[in-house]
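Participant: Take a look and give me a structure for this.
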Amino acid sequence: MKHNKISYKVGQFFMFAGPSAILFAAVVIIPFIYGLYLTFTSWDGVSTTKPFVGLQNYAAAFSDTTYWKSLEITVIYSVVTVILVNIVAFALAILVTSGIKGQNFFRAGFFIPNLIGGIVLGYVWKFVFNRAFVSIGESISGTAPASLLATPNGALFCLILVSVWQYAGYMMLIYIAGLMSVDRSLKEAALIDGCSAGKAMLHVTVPLMRASFVQCIFLSTTRCFMVYDLNLSLTDGDPFNSSVLAAMHVYNEAFVYKNYGVGQSEALMLFAICAAIGIIQVYFGKKGEVEA
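Facilitator: Down below sits the predicted model:
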């Protein structure tokens, strides 16, 4: 009977979940609330006073054309990257579950890029684009071609390419789990009934993997919208701020230009956009799930 008392349950909660809850509050909840408070002030990050300005920061954020331009670039980058990441990841998952020799080695190899930090990854690929590819082009044509990072479209292409290379291995693991969760007898029954391997994959396996697709699309979308480290080390927004993604613009506004109120307002707007996209995507994805 003692175990049914509220005090006992509260004590058990704080014993097991208490440390995690305290850390989560200290690292996420309290900074979020403080950031929300800063959106109503004109704090510069240095002064001891934080003058209250009401909704002026939100008005400034809505009228900031560079913010909306960075958000437009982010949408283009995210759409293309999410599509390519999931196509590549699903293809890799099929490859490493097909029974090829050394498939465990390939799984580890495809996943390794995800273990490299975005800052390190960006500098490595920056060297590849600026030195290695340029040297190869010079040896072939006799003249040194311009680096892909030197043009606006080329810089965005480089961001997309490196992001796909980094994220595909992680998403591959989720698709592998989805493929292995599909009952083999269902696929065999489809093949016996006359379906080709491709049709069995499209009409049997893929519908039963909808949860994996929902999870992968959600994770890749949120990652793309919030990317900063790779953007900083690979392009740093160049050339001429043509590759500044939304997260980098928010950081610059708050920490470089010392407009903390406006920067926090734009960060909150970016968070709201990401949350809305994620909720809508998960809702429609879960709505059509098929159970075996």
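Participant: Quick one: the helices in the stretch 151-292 of the chain, in order.
Facilitator: For the stretch 151-292 of the chain, the helices defined by DSSP state H, counting those that start in this stretch occupy 152-181, 184-192, 197-200, 206-208, 210-225, 229-234, 246-251, 260-287.
Participant: between the ones you listed, which one is nearest to Gly35?
Facilitator: helix 260-287 (5.0 Å; C-beta to C-beta). Where you see a C-beta, it was placed from the backbone N, CA and C, and this is true even at glycine.
Participant: Determine how far the closest one lies from the middle of the whole chain.
Facilitator: Helix 260-287 sits 13 Å away from the centroid of its parent chain (C-alpha atoms, centre = their mean, to the nearest Å).
Participant: distance of Phe106 from Gly178?
Facilitator: 18 Å (C-beta to C-beta, to the nearest Å).
Participant: Just give me the residue closest to the centre of this protein.
Facilitator: In the chain, the centroid-proximal residue (C-alpha atoms, centre = their mean) is Arg223; its distance is 1.0 Å.
Participant: surely that one meets Val164?
Facilitator: No: the pair Arg223 / Val164 is not scored as a contact, 11.5 Å apart, by C-beta atoms under 8 Å.
Participant: Now stretch 200-215: buried residues?
Facilitator: For stretch 200-215, a neighbour-count test (16 or more other C-beta atoms under 10 Å) marks 200-201, 204-206, 208-215 as buried.
Participant: measure it end to end?
Facilitator: 22 Å (C-alpha to C-alpha, to the nearest Å).
Participant: and what of stretch 22-33?
Facilitator: 15 Å.
Participant: again, but for stretch 225-241
Facilitator: Distance between the two ends of stretch 225-241: 17 Å, counting by C-alpha to C-alpha.
Participant: phi, psi of Gly142?
Facilitator: The phi and psi values for Gly142, taken as degrees, to the nearest 10, are phi 90, psi -20.
Participant: Give the buried residues for the longest helix along the chain.
Facilitator: The residue-count maximum for a helix in the chain (DSSP state H) belongs to helix 65-96. Of the residues in helix 65-96, 67, 70-71, 73-75, 77-78, 80-82, 84-86, 88-90, 92-93, 96 count as buried by neighbour count, 16+ other C-beta under 10 Å.
Participant: can you pull the pLDDT of Trp125?
Facilitator: Listed pLDDT for Trp125 reads 95.
Participant: Pull the number of nearby residues for it.
Facilitator: Other residues within reach of Trp125, judged by other C-beta atoms under 10 Å, total 21.
Participant: Once you drop chain neighbours, what's closest to it?
Facilitator: Spatial nearest neighbour of Trp125, chain neighbours left out: Val162 (4.9 Å); criterion: C-beta to C-beta, 6 or more residues apart in numbering.
Participant: mind checking how far that neighbour is from Ser70?
Facilitator: Counting by C-beta to C-beta, the separation of Val162 from Ser70 is 19 Å.
Participant: what does Ile116 give?
Facilitator: Remark: distance between Ile116 and Ser70 (C-beta to C-beta) = 25 Å.
Participant: rewinding a little: for whichever helix or strand comes after the longest helix of the chain, name the packing helices and strands.
Facilitator: The element immediately downstream of helix 65-96 (helix or strand, assigned by DSSP states H and E) is helix 103-111. Judged by 3 or more C-beta pairs under 8 Å, 6 or more residues apart in numbering; DSSP states H and E, the packing partners of helix 103-111 are helix 65-96, helix 152-181.
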